[in-house]
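Peer 1: the following comprises the amino acid sequence and a computationally predicted model.
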Amino acid sequence: MKRLSFFYLCLSLAACSNSRQLLTAYKPVDAALYHTIAAQDSIFFAAYNTCDLETQARYYADTIEFYHDKGGLMTDKNEILASTKKYVCGRTSRELLKGSIEVYPIQDFGAVEMGQHIFRNSEEPNASVHASKFIIFWRHRDGAWQMTKVVSLH
């Protein structure tokens, strides 16, 4: 029985070792697209941090789907902007975790961006912060980039 247990332990360790080898460091498939999306992210969240709702509105597609693990699904662009104005402006700022962005092209559509960020609440300056994950689907149409889907996980 001990030999059999030892065999399964070795087999499990080998499987874990092999699966770790499958993980690779992210390298952009398209460096130009990566830099374009990183720049769009920067512009949008600079507007988010300064409560520039006009710029934010330009970045949200009219058909936006915003999935928030705690807040649920929002599909009304004006409602998203109103909530941002009411709950975020002057209170919360977003900071991208450097090196966390990954960008992948979506043929005949645009790109998907994944990354991690933290939010700081100015009303709770001593509150602990933690990284949260996000996914943004970017559509490229008529020379402009817009967010069609956002997934925000805290």
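Peer 2: Yep, that arrived.
Peer 1: so for the longest strand along the chain, mean pLDDT?
Peer 2: If you go by DSSP state E, the chain has its longest strand at strand 110-121. On average, the pLDDT along strand 110-121 is 97.
Peer 1: the helices in this structure, which residues?
Peer 2: For the chain, the helices defined by DSSP state H occupy 2-22, 31-49, 53-59, 77-87.
Peer 1: of those helices, which shows the lowest average pLDDT?
Peer 2: Among the helices of the chain, helix 2-22 scores lowest, with a mean of 52.
Peer 1: was I right to think residue 115 contacts residue 101?
Peer 2: Yes: contact criterion C-beta atoms under 8 Å: residue 115 and residue 101 qualify, at 4.2 Å. Yep, even glycine has a C-beta here, placed from its N, CA and C like the rest.
Peer 1: shared neighbours, these two?
Peer 2: Listed as contacting both residue 115 and residue 101 by C-beta atoms under 8 Å, 6 or more residues apart in numbering are residue 41.
Peer 1: hmm, back to that, mind listing what's buried along the longest strand of the chain?
Peer 2: 110-113, 115-117, 119 (16 or more other C-beta atoms under 10 Å).
Peer 1: ok, now stretch 26-38?
Peer 2: Applying 16+ other C-beta under 10 Å to stretch 26-38 flags 28, 33-34, 36-38 as buried.
Peer 1: show me the two of the residues you listed that sit farthest apart.
Peer 2: 28 and 36 (10.7 Å; C-beta to C-beta).
Peer 1: what comes into contact with stretch 137-146?
Peer 2: 36-37, 40, 58-61, 106, 109-113, 147-150.
Peer 1: how close does residue 38 get to residue 102?
Peer 2: Look at residue 38 and residue 102: by C-beta to C-beta, to the nearest Å, they are 10 Å apart.
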